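[1] Fold the following.
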Amino acid sequence: RESNEIFKVFKCYSKKIEKTKSGLGDFAALYLWKNVPNQEITATYLAKELGYGDKPGLANNFIDNLGKRIAESQNITLPERDASTGSGWWRVTADGRDSKKGFIWTMHSELAEALKEMNDDLYTLWDEFLERWPFESLEAISLPAYSTAGQQDTFTWWLESYSESLGSIWGGSAFKFGVYSRNDNEVKESGKQWMYTEDYAWYKKYGASPDEAFNNVKNIIIAIAKASRSSDLSAIDNIDLGEAVKWKIAFLYQNRKDIKISPMYKKDYLVAYLGVDKKASMSELQIKLNETRGNGDVFEFAKVAWGKSAILLNKSLSTEITKKETKEPVMTQQPLNQILYGPPGTGKTYRTIEKAVQIIDPEFYLENEEDHDALHRRFTELKDSKRIEFVTFHQSFSYEDFVEGLRASAGEGGVSYDIEPGIFRVACESASGM
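    Have a look, this model is predicted:
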């Protein structure tokens with residue numbers, strides 16, 4: 001092994017590791033490992049810290065599999081595992097020895113150096129963003145500079161793509177930016193929530209034209225940056241822009257000498273890591289996260305927190321990578337039949353409200369999927385406008401109630417029987433006219 005081989009190998013392979021199924025857990029484990037005394041760990045310690053509990057085998061597998069992935073990607077050949085010598089793929093990343101505490105791995109110094117340099121690269125990237133889009137220049141940004149389809153040197157491209165390592169905001173639709181340049185010429189009709197021209201799309205709430213919408217969005221971005229620079233996190237909660245987008249903007253423009261915001265913008269991950277009520281606001285979660293971090297490096301801390309929360313949520317980075325690489329459009333064609341099932345009291349009705357909004361107004365759902373109150377309000381609006389019919393089936397609910405049937409009515413001429421449509425037929429007729 002060359003003296004700097006692991007450094008070179010890991011540096012070039014790190015992004016591939018992040019895109020593997022266990023990538024989040026890998027980086028959480030690596031930074032935990034890097035920051036222990038003498039960079040020596042046991043599988044039991046690592047399993048406990050990552051949230052695997054009393055399953056050290058999972059930590060054993062992590063170290064061995066990580067070494068194997070790196071070795072295979074770089075054509076490093078190691079002898080087959082030998083029980084008598086303890087040789088294995090883990091030797092790519094560590095030295096090992098037996099002890100009374102169990103088998104101890106010591107991280108190769110080159111790997112530790114690679115992790116440190118990767119962290120330094122993140123601060124360099126942060127500098128690059130602020131050099132290209134300094135706070136003082138925000139007022140002068142034009143709509144084409146904010147978003148132009150097919151162009152890379154735009155504010156939205158820097159925010160989502162180029163600075164991805166500073167916290168991902170991939171997923172959802174481009175409406176999260178408030179207004180965006182379209183990359184297709186398909187004719188689309190404007191709706192209650194959004195508007196389209198041949199070149200732009202935007203939320204109607206921001207204005208009647210692309211320019212008006214952009215001016216309002218620009219003012220919102222400036223307000224976010226100002227609140228972040230003054231550490232007024234609660235003010236950011238009340239600013240109307242996509243949650244992940246606004247919190248990444250807040251992270252980038254905060255006071256670097258007094259960091260209050262971590263590069264984690266998905267509320268469910270913060271809730272899982274902190275073990276708090278999901279009703280907490282993002283500002284409350286970020287404040288709590290900062291208290292937990294203490295004096296630790298914000299990027300190393302975020303890697304560990306992100307990985308631990310992913311394990312707790314039984315999620316993986318592959319989902320986010322799939323969203324990024326496929327860039328699939330928002331699903332507007334839903335399955336004709338969907339069934340939510342489970343015992344009483346498990347949240348079926350609760351989820352039905354969210355699911356109905358997701359089917360009818362997918363753009364709104366993507367922007368508000370973490371805000372059940374907003375989804376419930378939108379559900380009520382859709383129900384009031386006859387876009388949704390909510391039916392509770394019970395023992396006396398008949399075919400006549402649901403499809404159609406004869407209804408008796410008394411008049412001057414006596415009793416008459418008329419065919420009246422049930423709720424399902426009414427919904428079908430309503431849908432056929434849309």
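[2] For the protein, which residues score under the pLDDT cut-off?
    1-26, 52-59, 73-87, 314-334, 342-347, 367, 370, 394-395, 433-434 (pLDDT under 70).
[3] Now with 50, please.
    Flagging of the chain using pLDDT under 50 yields the residue ranges 1-7, 9, 13, 15-22, 84-87, 315-332.
[4] which residue packs closest to the residue nearest the centre of it, ignoring adjacent ones?
    Most central in the chain under Cα atoms, centre = their mean is residue 266, positioned 4.8 Å from the mean C-alpha point. Leaving out its chain neighbours, the residue that sits closest to residue 266 by Cβ to Cβ, 6 or more residues apart in numbering is residue 244, at 6.7 Å. For glycine as for every other residue, the C-beta is placed from the backbone atoms N, C-alpha and C.
[5] give the contact list for the one you found.
    169, 171-172, 176, 265-266 (Cβ atoms under 8 Å, 6 or more residues apart in numbering).
[6] Next, the buried residues of the longest helix out of those in the chain.
    Identified as the longest helix of the chain according to DSSP state H is helix 109-132. Using 16 or more other Cβ atoms under 10 Å as the test for burial, helix 109-132 gives 110-115, 118-119, 122, 126, 129.
[7] if we can go back for a sec, so can I have TSV of the contacts of residue 244 showing secondary structure and distance to residue 206?
    Output for the contacts of residue 244, formatted as TSV (DSSP: H, G, I helix; E, B strand; the rest coil; distance: Cβ to Cβ, whole Å):
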residue	secondary structure	distance to residue 206
169	coil	19
171	coil	21
172	coil	17
176	helix	13
265	coil	21
266	coil	24
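[8] who wins for neighbours among those residues?
    residue 169 (25 neighbours; other Cβ atoms under 10 Å).
[9] dump the residue contacts of that one.
    159-160, 176, 244-245, 248, 265.
[10] and residue 390, helix, strand or coil?
    Of the three states, residue 390 takes coil according to DSSP: H, G, I helix; E, B strand; the rest coil.
[11] correct me, but it touches residue 382?
    No - judged on Cβ atoms under 8 Å, residue 390 makes no contact with residue 382 at a distance of 10.3 Å.
[12] picking up where we left off before, how much space between the residue nearest to the centre of the chain and residue 134?
    Computed as Cβ to Cβ, to the nearest Å, the residue 266 to residue 134 distance reads 27 Å.
[13] Equivalent analysis for residue 204, please.
    Taking Cβ to Cβ, one finds residue 204 at 31 Å from residue 134.
[14] and what of residue 182?
    For residue 182, the distance to residue 134 equals 28 Å [Cβ to Cβ].
[15] cool, residue 147 as well?
    Taken as Cβ to Cβ, the span from residue 147 to residue 134 is 19 Å.
[16] and residue 240, which of the three is it?
    Under three-state DSSP, the three-state class of residue 240 is coil.
[17] Kindly report the same for residue 273.
    Residue 273 is classified as helix under three-state DSSP.
[18] Is it in contact with residue 305, as I believe?
    Yes - between residue 273 and residue 305 a contact is recorded at 4.8 Å, counting by Cβ under 8 Å.
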